[in-house]
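Undergrad: next come a sequence and a model predicted from it.
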Amino acid sequence: MSKRRIALAICLTLAACVTGQPLVPPPMTAVPVARPDGSQVTPVVTADQVGEETRVVGLHRVQIDVPRGSEVGQIRKPPLVVCKGGSWGRVLHDEGRYVSRSNEWQDVFHRIVAGHGYRAAGAPDRLFSEQGQEEAEYIFGANIRAIRVEGTLSCDFINARIIGLTGNSTITVEWQVFDPVNRRVIHKATIEGQYQGTTVIPYDTELLVLLAYADSVNKLAADPATRAAVSRKPQRETKPSKGIVAVDGRRPLVRQPISKVAIDTHIDRLRSATVLIEAGAGGHGSGFIVSEDGLVMTNQHVVAGQRFVRVKLVSGRVVVGEVLRRHELRDVALLKLEGVGYPAMAIRETPVRVTEEVYAIGAPQMTDLAWTVTRGVVSAYRPAMPPERLDLIQADVPIHGGNSGGPLLDRQGNVVGITVAGYAMGKEQRNASLNLFIPILDGLDKLGLDLTDPAAYERWRRTAAVE
């Protein structure tokens with residue numbers, strides 16, 4: 001046998017040589033999963049088979065929690081084969097705990113859980129938010145606590161360059177399911193993912209980890225306890241409110257210091273005091289914070305008949321808002337957010353004047369446009385017919401659906417009104433710059449709120465009965 005034939009035989013025996021065929025990683029999709037009881041979970045075949053028994057789920061983040069410098073595997077060079085252009089030996093995790101933001105984790109999660117019949121948010125094939133992405137009702141998180149990869153290089157026989165590897169991998173993932181309505185973890189599962197490969201894949205140790213992650217997602221999706229945890233719509237767990245007087249009584253509201261500087265000098269703080277309110281059934285509105293303990297004003301039609309709503313802050317954090325008071329005719333409502341320490345807007349106690357410059361903040365048309373700032377002038381006051389005083393401020397500040405409940409501010413950033421309605425013209429429903437706002441003092445009065453100084457508020461708080 002010639003030397004060339006001997007070398008070729010050794011190469012094929014060791015699976016270390018690959019021809020010029022392009023390398024394609026194994027598909028990371030839903031596959032049948034065997035349960036401990038011997039039964040098997042089979043993925044769905046078509047989109048029509050996606051189960052309605054689960055709520056919409058999504059992946060929030062993947063955290064890799066492996067100590068920096070840990071040895072997580074070995075990459076070996078096959079004997080008797082020359083490999084150039086790469087490295088082999090010990091594989092070290094060269095970062096401490098970190099959160100991976102790679103889209104690959106998200107895409108793999110979506111494909112696999114959707115393949116097992118879950119309703120999954122964040123379809124990777126939808127490029128535009130206007131395509132109506134569903135928002136996750138339950139949020140998954142993955143904490144990778146252990147990684148092990150073992151690989152053998154594969155080299156091109158002709159030029160001895162590394163072109164891929166074969167290998168195995170194992171990861172241990174602690175999965176958590178978070179209920180954003182009640183803000184707590186409702187389910188945990190530690191699931192080991194494995195990949196055992198015999199074919200050559202691209203030279204990428206992170207790909208080995210991702211393949212083991214895909215196996216963990218498959219096992220997670222097939223887990224009966226996981227499916228049961230996300231099978232019903234999240235419902236707010238009721239608990240008594242503290243620190244708020246009965247709805248039929250007056251309540252003091254701490255007067256915030258009036259701003260005397262231009263709005264552009266503190267617009268970031270004003271935007272952070274504006275919130276996005278998810279109104280259910282795909283609708284949304286706006287609101288604004290008026291006290292550091294999380295009181296929010298908005299429109300009654302934004303919260304409709306709901307007692308609890310999801311409220312999103314400019315930081316991206318989602319909190320629960322409880323509707324405490326409402327006045328349907330005046331179309332105002334008062335919410336209480338969880339926690340304290342919120343930025344609060346100052347309320348102006350003198351009427352805004354015609355031709356005065358004003359600003360609106362809100363979420364026109366879609367949630368992705370939340371915290372949009374627009375500018376205009378006060379056009380007129382539109383007095384109401386007695387006996388109800390329901391006067392409205394007319395202004396040409398551009399607003400659209402979704403701005404409802406947001407603040408109308410003067411040139412210094414003090415609240416003078418609440419966005420409530422606007423006229424739309426023609427078949428395309430174009431905004432006509434004929435927009436209406438509730439005078440802020442009237443809104444406060446209808447909600448039973450009285451502006452007071454901090455000392456008087458503290459005296460009331462020590463003596464008032466709570467709901």
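TA: Cool, got the structure.
Undergrad: if we ignore the residues flanking it in sequence, what's nearest residue 332?
TA: residue 443 (4.4 Å; Cβ to Cβ, 6 or more residues apart in numbering). Every C-beta, even on glycine, is put in place using the N, C-alpha and C of the backbone.
Undergrad: which SS state does that neighbour fall under?
TA: helix (DSSP: H, G, I helix; E, B strand; the rest coil).
Undergrad: ditto for residue 249
TA: coil.
Undergrad: what sits closest to residue 435 if chain neighbours are left out?
TA: Per Cβ to Cβ, 6+ apart, closest to residue 435 is residue 422, 3.9 Å.
Undergrad: next, count neighbours for that neighbour.
TA: Other residues lying near residue 422 total 22 when counted by other Cβ atoms under 10 Å.
Undergrad: quick one: it from residue 159, how far?
TA: Distance of residue 422 to residue 159, given as Cβ to Cβ, to the nearest Å: 69 Å.
Undergrad: now do residue 359
TA: For residue 359 relative to residue 159 (Cβ to Cβ), the value is 66 Å.
Undergrad: got it, and residue 75?
TA: From residue 75 to residue 159 the distance is 20 Å (Cβ to Cβ).
Undergrad: look at those two and report which has more neighbours.
TA: More neighbours surround residue 75 than the other of residue 75 and residue 159, with 21 against 10 (other Cβ under 10 Å).
Undergrad: could you point out which element follows the helix or strand harbouring that one?
TA: Here residue 75, judged by DSSP states H and E, is contained in strand 71-76. Going down the chain from strand 71-76, the next helix or strand is strand 89-92, by DSSP H and E.
Undergrad: distance from that following strand to the middle of the chain?
TA: Counting by Cα atoms, centre = their mean, to the nearest Å, strand 89-92 is centred 36 Å from the centre of its parent chain.
Undergrad: and for stretch 324-339?
TA: 25 Å.
Undergrad: next: stretch 398-405.
TA: For stretch 398-405, the distance to the chain centre is 22 Å (Cα atoms, centre = their mean).
Undergrad: pull the residues that contact that stretch.
TA: Contacts with stretch 398-405, where a contact means Cβ atoms under 8 Å, 6 or more residues apart in numbering, come from 277, 284-288, 297-299, 301-302, 333, 360, 362-367, 369-370, 374, 376, 406, 418-422, 431, 433, 435.
Undergrad: show me how this structure divides into domains.
TA: Taking automatic domain parsing as the domain assignment, the ranges for the chain are 3-229, 251-463.
Undergrad: lowest mean pLDDT across those domains, which one is that?
TA: Among the domains of the chain, domain 3-229 carries the lowest mean pLDDT, a mean of 76.
Undergrad: so residue 227: helix, strand or coil?
TA: helix.
Undergrad: how near is it to residue 113?
TA: As defined by Cβ to Cβ, residue 227 lies at a distance of 10 Å from residue 113.
Undergrad: looking at the two, which is more packed in?
TA: Per other Cβ under 10 Å, whichever of residue 227 and residue 113 has more neighbours is residue 113, with 25 against 20.
Undergrad: and the next helix or strand past the host helix or strand of the more buried one?
TA: Here residue 113, judged by DSSP H and E, is contained in helix 103-115. Downstream of helix 103-115, the first helix or strand assigned by DSSP H and E is strand 119-120.
Undergrad: which neighbouring elements make contact with that following strand?
TA: strand 56-64, helix 103-115 (3 or more Cβ pairs under 8 Å, 6 or more residues apart in numbering; DSSP states H and E).
Undergrad: just the angle between the shortest one and helix 103-115, please?
TA: Counting by axes from the mean of the first three to the mean of the last three Cα atoms, to 10 degrees, strand 56-64 points 140 degrees away from the direction of helix 103-115.
Undergrad: strand partners (parallel or antiparallel) of strand 56-64?
TA: Counting by DSSP bridges, the strands paired with strand 56-64 are strand 98-100 (antiparallel), strand 119-120 (parallel), strand 138-155 (parallel).
Undergrad: now that strand - C-alpha only, PDB.
TA: What follows is strand 56-64 as a C-alpha-only set of coordinates in PDB (Å, rounded to 0.1, in the frame of the first residue of the first chain):
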ATOM      1  CA  VAL A  56     -48.200  33.300  25.600                       C
ATOM      2  CA  VAL A  57     -44.600  32.600  26.800                       C
ATOM      3  CA  GLY A  58     -41.300  34.200  26.100                       C
ATOM      4  CA  LEU A  59     -37.600  34.100  27.000                       C
ATOM      5  CA  HIS A  60     -36.400  37.000  29.000                       C
ATOM      6  CA  ARG A  61     -32.700  36.200  29.300                       C
ATOM      7  CA  VAL A  62     -30.000  33.500  29.500                       C
ATOM      8  CA  GLN A  63     -27.500  33.900  32.300                       C
ATOM      9  CA  ILE A  64     -24.200  31.900  32.400                       C
END
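Undergrad: give me the buried positions along that strand.
TA: 56, 57, 58, 59, 62, 63, 64 (16 or more other Cβ atoms under 10 Å).
Undergrad: so residue 218 sits in a helix?
TA: Yes: Residue 218: assigned to a helix according to three-state DSSP.
Undergrad: picking up where we left off before, now the helices and strands packed on strand 119-120 in JSON lines, with distance to residue 322?
TA: Shown next, in JSON lines, are these (distance: least, Cβ to Cβ, whole Å):
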{"stretch": "strand 56-64", "distance to residue 322": "23"}
{"stretch": "helix 103-115", "distance to residue 322": "32"}
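Undergrad: now for the ones you listed, which one comes closest to residue 188?
TA: Closest to residue 188 of those is strand 56-64 (Cβ to Cβ; 14.0 Å).
Undergrad: what is the burial count for the residue nearest to residue 332?
TA: Residue 443 has 26 nearby residues by other Cβ under 10 Å.
Undergrad: quick one, what contacts it?
TA: Here residue 443 is in contact with 297, 330, 332, 418 (Cβ under 8 Å, 6+ apart).
Undergrad: now the second one: how far from residue 442?
TA: Here the criterion is Cβ to Cβ. By it, residue 330 lies 7 Å from residue 442.
Undergrad: shared neighbours, the two?
TA: Common contacts of residue 330 and residue 442 (Cβ under 8 Å, 6+ apart): residue 390.
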